[in-house]
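> Predicted model, plus sequence, below.
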Amino acid sequence: MEGKEWFSTWFDSPYYHILYAKRDESEAAKFIASLQQKLNLASGSRVLDAACGKGRHAITLSQLGFSVDAFDLSPTNIEAAQVFETPDLLFFVHDIREALPLQNEYDAIFNFFTSFGYFDNRMDNQKAFNTFAGGLKKGGILVLDFFNPTYVLSNLVSSETVDRQGIAFQIKRWSDAGYLYKSIDFTDKGTAYSFVEKVELVSKNDFLAYAAQAGLQLVDFKGSYSLTSFDEINSPRMIFIWSKN
């Protein structure tokens, strides 16, 4: 496609962070803590937060005692995150489709909160899984958290207005040709803005195929941040746990 990909501009916009400022931080922290109880990674394990945004989850991982690297495509996000760097918490700019600087180094890689499925070319999905697999040690763990397409489509709110910091965000949602779209229109200080999010409705079987091609073996599969069993109709999330063969 010509020009920048949608996510490289929208995620780098200050309005993205205004709109999503009220995401549930406590739920995210509980989810990561529950994952650690399940995975039982040793203190000091080397982990990677892939597509880390401004680093809120990487910081939580660091607080749990891990040595954390974290990357995001957005230079603005990484600049904000680097304020929190420590000797055991490093942030850098990187594209999830490109090989990692460190190969076979990580005990675990995390891809949290639907940080996947943004590409027009579905071959890029496989490139991302190859990136994950290349970064893991043998026996290392990949955790990927994505929405459950069946649940999302059956509970889709087609339009709403969300007020944040005096800005009225007009939001519309629809699906087409295997993708979920969200248009975001608003005016701030007399200037009109319009963004469109586009996320592929990646199926469970597609994820399993990408992982298998990359040499990853499924070890567990859950359906919510409480790590309940997956149910195709009622589970809001698909949380995959793979290991590297």
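Okay, I see it.
> now the helices: where do they sit in this structure?
Secondary structure of the chain, counting by DSSP state H: helices at 6-10, 14-19, 25-39, 56-63, 75-81, 123-135, 149-154, 204-213.
> and those, which is most packed in?
Neighbour counts (mean count of other C-beta atoms under 10 Å) averaged over each of the helices of the chain peak at helix 56-63, with a mean of 22. Quick note: C-beta positions are derived from backbone N, CA and C, even for glycine.
> can you redo the helices of the chain as a markdown table with distance to residue 111 and mean pLDDT?
Below are the helices of the chain laid out as a markdown table (distance: least, C-beta to C-beta, whole Å; pLDDT from 0 to 100):
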| stretch | distance to residue 111 | mean pLDDT |
| --- | --- | --- |
| helix 6-10 | 14 | 69 |
| helix 14-19 | 18 | 84 |
| helix 25-39 | 12 | 87 |
| helix 56-63 | 10 | 93 |
| helix 75-81 | 15 | 92 |
| helix 123-135 | 7 | 97 |
| helix 149-154 | 17 | 97 |
| helix 204-213 | 11 | 98 |
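> mind putting the ones you listed in TSV, distance to residue 92 included?
Conversion of these to TSV gives the following (distance: least, C-beta to C-beta, whole Å):
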stretch	distance to residue 92
helix 6-10	16
helix 14-19	20
helix 25-39	21
helix 56-63	11
helix 75-81	7
helix 123-135	13
helix 149-154	31
helix 204-213	24
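> Quick one: closest of those to residue 174.
Set against residue 174 and scored by C-beta to C-beta, the helices of the chain come closest in helix 149-154, at 10.1 Å.
> Return the list of helices and strands in contact with that closest one.
The contact analysis (3 or more C-beta pairs under 8 Å, 6 or more residues apart in numbering; DSSP states H and E) places helix 149-154 against strand 179-188.
> picking up where we left off before, of the helices of the chain, which approaches residue 164 most closely?
Going by C-beta to C-beta, the one of those nearest residue 164 is helix 14-19, 5.0 Å.
> residues making contact with that closest one?
Here helix 14-19 makes contact (C-beta atoms under 8 Å, 6 or more residues apart in numbering) with 10, 54, 162, 164, 165, 167, 169, 184, 186, 188, 193, 195.
> what about the nearest residue to the third one once chain neighbours are set aside, how many residues close to it?
Spatial nearest neighbour of residue 162, excluding adjacent residues (C-beta to C-beta, 6 or more residues apart in numbering): residue 169 at 4.6 Å. The criterion is other C-beta atoms under 10 Å. On that basis, residue 169 has 19 neighbouring residues.
> rewinding a little: out of the contacts of helix 14-19, which end up buried?
10, 54, 169, 184, 186, 195 (16 or more other C-beta atoms under 10 Å).
> Dump those residues to JSON lines, plus distance to residue 219.
Below are these laid out as JSON lines (distance: C-beta to C-beta, whole Å):
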{"residue": "10", "distance to residue 219": "34"}
{"residue": "54", "distance to residue 219": "30"}
{"residue": "169", "distance to residue 219": "39"}
{"residue": "184", "distance to residue 219": "37"}
{"residue": "186", "distance to residue 219": "43"}
{"residue": "195", "distance to residue 219": "37"}
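> Quick check: the gap between residue 209 and residue 63.
Distance, residue 209 to residue 63, by C-beta to C-beta, to the nearest Å: 35 Å.
> Name all residues that make contact with the nearest residue to residue 98 once chain neighbours are set aside.
Closest residue to residue 98 in three dimensions, ignoring its sequence neighbours and counting by C-beta to C-beta, 6+ apart: residue 131, at 6.7 Å. With contact taken as C-beta under 8 Å, 6+ apart, residue 131 is in contact with 50, 96, 97, 98, 99, 100.
> now, among those residues, which is nearest to residue 119?
Of the contacts of residue 131, the one sitting nearest to residue 119 (C-beta to C-beta) turns out to be residue 97, at 7.7 Å.
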